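Participant: pasting the sequence and the predicted model now:
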Amino acid sequence: MVNKYLIILVFFISFLNGAQNIVLTTCNEIQNSSARNQCLKASLENLLIKEVLRNLDFVNLQPEEPATMSVGINVSRTGVFAISSISTPNFGLARSIHNVLKSIIPVGEYMDEKKSANSSTFQFDFNFILKSDNSIAVLDKNDETIFVKRFNTGKEKKEDKSDTVDKPKKQLKDTDDIPYAVIEEAPIYPGCGELNTNEERRDCMSNYISSMVTNNFNSQLANNLGLSGRQRISVQFKIDTNGFIVDILARAPHPVLEEETIRVINTLPRVIPGKQRGQKVNVMYSLPILFQVEN
């Protein structure tokens, strides 16, 4: 039986859209201006960290030497993103910031509760540290670790992608990994925090994820893949105890679609992590995507 909280996304792959960008207009669908700003900030926070980790060759971290990033990002009254302040001695970090802002399309004007359009500015302060075990830790301005990227040393047993995606229960050996369908306190997507019940927050999060994936999937990719008709992509990821999306696995009819699916899921914002018995836990989330290729 398909779980009621798994999203099925149906969208059409056309050949007319423009180049690949990051679309955050889902945040503008949130009526409460404070929650909308939380959504934008959580999205930018996630994008900045993930972009740095994609640019490690340029960042060139030295063991146990923090690389600092301090940046203010302004969203204008018309929804345009721009740097308002920046401080980092590391070229790779500065490059990552510019890459993120260059990729985000304007979100458009947002009318707050008073029917006026306002600008917003978000401040981010991170330290990136290469640890002795070859992992990378990201610390916030309070020196709290908010994200850890662990790299495969080659000694770990390689996972079977097909088994892991289609049969997620096999990888739930750690009791801290709780399926999304049964989590006592579901992760909270920005904009869903004011809802009263766990079920309402689940549905709210599922709807926003659906919108984000639909808005960001690169519809140009079907051009030369030789696909036709309805296609299915199976996705599984983990929401860690800091609220970040990690360990994304995808299975699709073509490797290019798998790569694009992982890219899109990586654009999801940081969320409030789920809890089981009052403790923050990792939450497993499965997402089937159906799409139609039309000639």
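Facilitator: Sure thing, it's come through. All values derive from a computational prediction rather than experimental measurement.

Participant: this structure - how does it break down into domains?
Facilitator: 9-19+155-293, 25-149 (automatic domain parsing).

Participant: confirm that Asp247 sits in a strand.
Facilitator: Yes: when DSSP: H, G, I helix; E, B strand; the rest coil is applied, Asp247 is found to be in a strand.

Participant: can I assume it is in contact with Ile239?
Facilitator: No: in terms of CB atoms under 8 Å, Asp247 does not count as a neighbour of Ile239; the distance is 9.7 Å. Every C-beta, even on glycine, is put in place using the N, C-alpha and C of the backbone.

Participant: out of the two, which sits in the more crowded spot?
Facilitator: Ile239 (28 against 15; other CB atoms under 10 Å).

Participant: for the more buried one, give me phi and psi.
Facilitator: phi -100, psi 110 (degrees, to the nearest 10).

Participant: skip the chain neighbours and tell me the closest residue to it.
Facilitator: Val283 (4.4 Å; CB to CB, 6 or more residues apart in numbering).

Participant: ok, the one you found - how many residues close by?
Facilitator: The number of residues near Val283, taken as other CB under 10 Å, comes to 27.

Participant: any idea how far Met69 is from it?
Facilitator: 28 Å (CB to CB, to the nearest Å).

Participant: again with Val235
Facilitator: 30 Å.

Participant: list the contacts of Arg150.
Facilitator: Asp133, Asn134, Ser135 (CB atoms under 8 Å, 6 or more residues apart in numbering).

Participant: keep only those of these that are in helices.
Facilitator: With helices defined by DSSP state H, no entry of the contacts of Arg150 lies inside them.

Participant: and the helices in the stretch 1-150 of the chain, which stretches?
Facilitator: Assigned helices in the stretch 1-150 of the chain, in chain order: 33-54, 56-59, 91-103 (criterion: DSSP state H, counting those that start in this stretch).

Participant: next, Asn215: phi, psi?
Facilitator: phi -70, psi -30.

Participant: residue contacts, it?
Facilitator: Contacts of Asn215 (CB under 8 Å, 6+ apart): Val23, Thr25, Thr26.

Participant: cool, Phe237 as well?
Facilitator: Ile245, Val246, Asp247, Ile248, Leu249, Ile265, Met284, Tyr285, Leu287.

Participant: over to Arg277?
Facilitator: Counting by CB under 8 Å, 6+ apart, Arg277 makes contact with Glu184.

Participant: measure it to Glu184 for me?
Facilitator: 7 Å.

Participant: also Gly92?
Facilitator: Counting by CB to CB, the gap from Gly92 to Glu184 is 41 Å.

Participant: the more surrounded of the two?
Facilitator: Neighbour totals were compared for Gly92 and Glu184, and Gly92 leads with 19 against 13 (other CB under 10 Å).

Participant: correct me, but the more buried one touches Asn55?
Facilitator: Yes: with contact defined as CB under 8 Å, Gly92 counts as touching Asn55 (5.4 Å).

Participant: run through the stretch 51-200 of the chain and note the low-pLDDT ranges.
Facilitator: Within the stretch 51-200 of the chain, the stretches with pLDDT under 70 are 153-175.

Participant: picking up where we left off before, out of the contacts of Asn215, who's the most crowded?
Facilitator: Going by other CB under 10 Å, Thr26 tops the contacts of Asn215 with 27 neighbours.

Participant: correct me, but that one touches Asn207?
Facilitator: No: Thr26 is beyond contact range of Asn207, at 9.4 Å (criterion: CB under 8 Å).

Participant: just flag the most distant two among the contacts of Phe237.
Facilitator: Val246 and Leu287 (14.4 Å; CB to CB).
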